[in-house]
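# need a structure here:
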Amino acid sequence: MKILAHNKKVAHDYYILETYECGIVLKGTEIKSVRLGKFSIKESYVRVDNFELFIINMNISKYDYGNIFNHVEDRKKKLLMGKHEIIKLGQKVKLEGLTLVPTKVYLKEGLCKVEIALCKGKKLYDKRETQKTEDVKKRLQKLTH
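Numbering: from 1, shown residues only. This next block holds a predicted model:
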């Protein structure tokens with residue numbers, strides 16, 4: 001498994017409740033750009049539309065060696081997951097006010113996979129508290145080494 005992108009800001013901004021692995025539908029030049037690491041998931045999110053999952057704002061740069069059939073950079077991309085899981089996620093997002101955010105993009109057995117997380121947003125004081133605990137852990141590690 002080769003991790004291509006990791007969104008570390010998700011753990012800072014959200015409480016991660018559950019994670020899921022999804023496939024992603026990419027066109028020919030998109031997968032070539034993804035394999036080269038020319039994409040970003042920092043501002044992206046996942047939405048459930050009509051029993052289908054879509055990742056929105058995932059920017060995949062144009063492939064340098066592409067021709068007139070090159071892809072559109074900011075199109076919404078379909079995620080592949082079982083229908084029953086998608087229905088459950090859609091209900092949790094609607095009823096409990098949770099969000100779906102991509103956390104990792106990686107290659108598994110030659111296929112591109114996206115790990116999405118079911119998250120609950122943190123308040124500002126929660127973010128400060130987690131920052132304090134992370135700082136304390138870093139200081140302890142420096143002192144022990």
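# gap between the residue nearest to residue 69 when sequence neighbours are not counted and residue 70?
Closest residue to residue 69 apart from its sequence neighbours, by Cβ to Cβ, 6 or more residues apart in numbering: residue 29 at 7.1 Å. All C-beta atoms are positioned from the backbone trio N, CA, C, and that covers glycine. Using Cβ to Cβ, to the nearest Å, residue 29 is found at 5 Å from residue 70.
# which residues do these two both contact?
62-63 (Cβ atoms under 8 Å, 6 or more residues apart in numbering).
# With neighbour numbers in mind, choose between those two.
Applying other Cβ atoms under 10 Å to residue 29 and residue 70 shows that residue 29 carries more neighbours, namely 19 against 16.
# Which residues does the helix or strand hosting that one contact?
Following DSSP states H and E, one finds residue 29 within helix 28-36. Contacting residues not belonging to helix 28-36 are listed as 4, 26, 39, 60-63, 65-66, 69-71, 77, 105, 107, 112 [Cβ under 8 Å, 6+ apart].
# partners of the very next helix or strand once past it, with directions?
Using DSSP H and E, the next helix or strand after helix 28-36 towards the C-terminus is strand 39-40. Paired with strand 39-40 in the same sheet, following DSSP bridges, are strand 59-60 (antiparallel).
# who's in contact with residue 99?
14, 45, 93, 118-121.
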